[in-house]
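# Generate a structure from the sequence data that follows.
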Amino acid sequence: AIEQLGDPRFTTREIASRTLWKFGLAAEPALQEAATRRDAEVRSRARQILEDFSYGILPGTPRDVIGLIAQYRSGDAQTRVDVVQQLLQRERLAAAARLLRKEPDANTRRALLTSVINNPMVVDKFIESENIAALVDAVGADQDANWRRQMTTQLLFAPKMILRLAERKELDQILKVLENEKDDNQRYQLTMALLSSNETVTALVQQKQLPFLLAVAEQHSQANVREQNLLRLIGNQQVLTIVVSNKQWRELWKYGQDKLDDDGQLRLAMMLFQNSGFIDAVMRDPGLEKLVEFLREEENPTQRGRLVARLFMSHLLSNRNDEKIKGLARSLLADLDAPTRREYIGSMLAGGGFYRYFVNDKSYVALWEHIVSDPDRRWRAYAALRLAAYGNRTELKDFDQAILDAFEVARQRDADESEEKPDPFTGQRQPLMDMLLSQFAAVSLLIKQDKADALIEAVQASDEADRGRRWGMLVRVADFVNVLKQKKRLEDLFAFAEQEQDVATRGQYLQSLFSSSAAVDALIEDGRYEQLFRVAEQFPDESQRPRLFASFAVNPKAIERLLKDGKLELIVSLPGKLDAGNQRNFYQQAFGIEPLMEAIIDKDKFKEICQPLLETKDRYSAGMAVQRLVYNGKAIERLRDKQQLDQLMALLAADQAGYGMQVLFQSFGSGRPNVVQILLDAGHFDGLLKLIQDNEQPSNRAQYLGRFVATPSVIEYLAKKKRLTLLFELSESFDDPNLRQSYRTHLFNGSDGIDALMKHDMYKPLLDWISHESDARQRSQMLS
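Purely as a prediction, here's the structure:
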């Protein structure tokens, strides 16, 4: 057939060409040889057939594909793009990949390949049809090295590709790509793409590919990023459970010991210890005792103690309430060597886990004995202070002395060191004096030991950066305030601030002073409220003043004392000095105090105290104030007697949230006056009706109108004014049938309203009204 390609007869040459083409790729070697012959016709026809083969025009190629390839070969750039996209849509992926590789224009080829690679569904189809190699080859044929590397790695990291490589045991290709990538950021992004895919990671772990995943997690030059990668990998509880069920947790643990620092190892341990699958598995095999022995193999005693403590602090163990587990935790006090025991106790105290195991007097005392016998005085001080926050300390020998010692150590460390060493239990910087002052029980104990002045001296001697905070911690302790009160030294609470030259330090202290209910109550009882008020007004940071005022503005004791001492003007001025949240709290407190409201209304101060409510942008304040007023029935009656109900109507108008309107319809009964009746008697029917009709929410409008006109006092009012037909007119004012139904539902909701209507011979008009309802379902509901 090759020889016949050069036959003088055209028909013979055509038959030879078709015959060779039908042989397909089997004829390719012979055609390649023919393409180099001297006979121009033989050479031309051989090259034409080889060209067809290179485009994928082969025996068995579907006609539609051959047609599209023909369009591609003869078309411009846009036509070629259209052809490739059609092939992809028809899932003719081999042909599409072949044309992508043949695309002569580099920019067109890159754009097409990028769109393919960025479409996971298309990539998945290439994988499923085993045409992915052709796609990779198409990318690899590009001459731009940077683009080629980026696209190749992106393509190889598709989840299905990774899983396919895993099936073929070729995952080392992924590691090679990562290892060859010199840019840390790009390598990190690729690593994240893999480790963040739960589907991929879970499938790989199920196939026992943990070593591969750990190798991926390690692909970064920075240790902290490598640790983050590992913790992200096993942060998925499902993944960790599979690792445990595959009995690979020891492998994971060894990796952590080899690759992570101490803190990283602790984080890894906590993830394991908080995994129920891990705990359940090790409780069965090898058992908790063996796991503890395994942890005790750690060479570093500090790390050893922390690891054992972390295990027992896991809620999966501590919540079991198992005496065997508790016994093991307690026995370690005697079994561990001294350095390990110190870390074990410290970690238990720092994490609060000890109280689950050392709960009875005997175990508690044993723990205390180990603490007080430790030779490190500073460690003993931290331990005693942490223990001060928990449990019954009456059984602990020399506990008071231990706290006194801790105080002396704290004072020494403040004096001797410019920078406090880290907390030996947590590793964080926490000065011992701060820790002592934060423990109310410890401060109270020192005060009972007549150390109040010593505490003041210690705080005064503190660095400027610490002093304001420490004053604040001290004044929050009620026993300290009581001592100053007993010694008639409450003035010291202001003196602490006045002696501070630094504005920030003074401000920090004053915020704590005003937030201490013990201090504020004591100062108010001592008649120092005006001094408090002045300090708040003069506070340097204007944005913080509302918070200071709030500390006594929302304090009922403070309000009652101010009232008792005739400081009504001061009370009335308070809401204007508060932020929205505290202003709301003030009104809720103040409007519920009957003597205060009596005084405000009698002295014609009601309008003044309500003015901030009318100006606030807070949509809830006015309604909550009305709510409180309604519950304080005597205030409403006094407003009526003083002819100040217009102000109540103004508050209702300012009530954007509708709280006040809701409570109006619940105000009668329970020994409270009928506020609706009081407003009606004062001639506010039309005002109330307008407020309801002006409500922004149509659903609220329908509900409130129904409840309003169903109120017996409203029905009596309408009967007296011969306006009962208004009930029917209001119903027809709703175009929306759902709103009309809501109105009627609330109108007929209670027997009191229906009884009142019957009393005024409204039975027949009601039946007539109901009978004209076109909706049979609504008509039935109204009748029922």
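
# residues touching Ile162, list them.
156, 171, 174, 194, 200, 204 (Cβ atoms under 8 Å, 6 or more residues apart in numbering). (Each C-beta comes from the backbone N, C-alpha and C, glycine too.)

# element containing it?
Take DSSP states H and E as the rule and Ile162 turns out to sit in helix 159-167.

# Averaged pLDDT, that helix. What do you get?
Mean pLDDT, helix 159-167: 81.

# Now the residue nearest to the spatial centre of the chain. Nearest residue, chain neighbours left out?
Nearest to the mean C-alpha position of the chain, by Cα atoms, centre = their mean, lies Gly235 at 17.2 Å. Using Cβ to Cβ, 6 or more residues apart in numbering and skipping residues adjacent in sequence, the residue nearest Gly235 is Met271, 6.7 Å away.

# could you measure the one you found against Glu227, distance?
12 Å (Cβ to Cβ, to the nearest Å).

# neighbour count winner among the two?
Glu227 (22 against 18; other Cβ atoms under 10 Å).

# And the helix or strand containing that one, what's buried?
Assigned by DSSP H and E, Glu227 falls within helix 223-234. By neighbour count on 16 or more other Cβ atoms under 10 Å, the buried set for helix 223-234 is 225-231, 233-234.

# Dump these to a markdown table, plus distance to Asp604 and pLDDT.
Putting the buried residues of helix 223-234 into a markdown table (distance: Cβ to Cβ, whole Å; pLDDT from 0 to 100) gives the following:
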| residue | distance to Asp604 | pLDDT |
| --- | --- | --- |
| Val225 | 70 | 87 |
| Arg226 | 74 | 87 |
| Glu227 | 70 | 88 |
| Gln228 | 67 | 88 |
| Asn229 | 72 | 88 |
| Leu230 | 73 | 87 |
| Leu231 | 67 | 83 |
| Leu233 | 72 | 86 |
| Ile234 | 71 | 83 |
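
# The stretch 401-550 of the chain: helices as residue ranges?
432-438, 440-448, 452-460, 464-475, 478-486, 492-498, 503-515, 517-525, 529-537, 545-553 (DSSP state H, counting those that start in this stretch).

# just how off-centre is the first one within its chain?
Remark: helix 432-438 is offset 30 Å from the chain centroid, using Cα atoms, centre = their mean, to the nearest Å.

# now the third one
Averaging C-alpha coordinates over helix 452-460 and over its chain gives two centres that are 41 Å apart (Cα atoms, centre = their mean).

# quick revisit: got the buried residues of helix 223-234 as a markdown table, with distance to Asp376 columns?
Formatted as a markdown table, the buried residues of helix 223-234 follow (distance: Cβ to Cβ, whole Å):
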| residue | distance to Asp376 |
| --- | --- |
| Val225 | 36 |
| Arg226 | 35 |
| Glu227 | 31 |
| Gln228 | 34 |
| Asn229 | 38 |
| Leu230 | 34 |
| Leu231 | 33 |
| Leu233 | 39 |
| Ile234 | 36 |
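
# Quick check: can you list the domain ranges of this protein?
579-692, 695-784 (automatic domain parsing).

# who's in contact with whichever strand or helix holds the residue nearest to Gly235?
Here Met271 sits within helix 262-273, counting by DSSP H and E. For helix 262-273, contacts defined as Cβ under 8 Å, 6+ apart pick out 227, 230-231, 234-235, 240, 244, 249, 252-253, 256-257, 260, 278-279, 300, 302-303, 306-307, 310-311, 313-314, 316-317.

# Now with 6 Å, please.
227, 234, 256, 278, 303, 306-307, 310-311, 314 (Cβ atoms under 6 Å, 6 or more residues apart in numbering).

# Neighbour-wise, which one of those leads?
In those, the most neighbours by other Cβ under 10 Å go to Arg306, 28 neighbours.

# Helix, strand or coil: sort out that residue for me.
helix (DSSP: H, G, I helix; E, B strand; the rest coil).

# pLDDT at the residue nearest to Gly60 when sequence neighbours are not counted, what is it?
Nearest residue to Gly60, sequence neighbours excluded (Cβ to Cβ, 6+ apart): Gly24, at 7.7 Å. Predicted confidence (pLDDT) for Gly24: 77.

# how much space is there between Ala34 and Arg47?
Taking Cβ to Cβ, one finds Ala34 at 9 Å from Arg47.

# Then Phe685?
Per Cβ to Cβ, Phe685 is found 102 Å from Arg47.

# just Lys564 next, same as before
Lys564 sits 112 Å away from Arg47, going by Cβ to Cβ.
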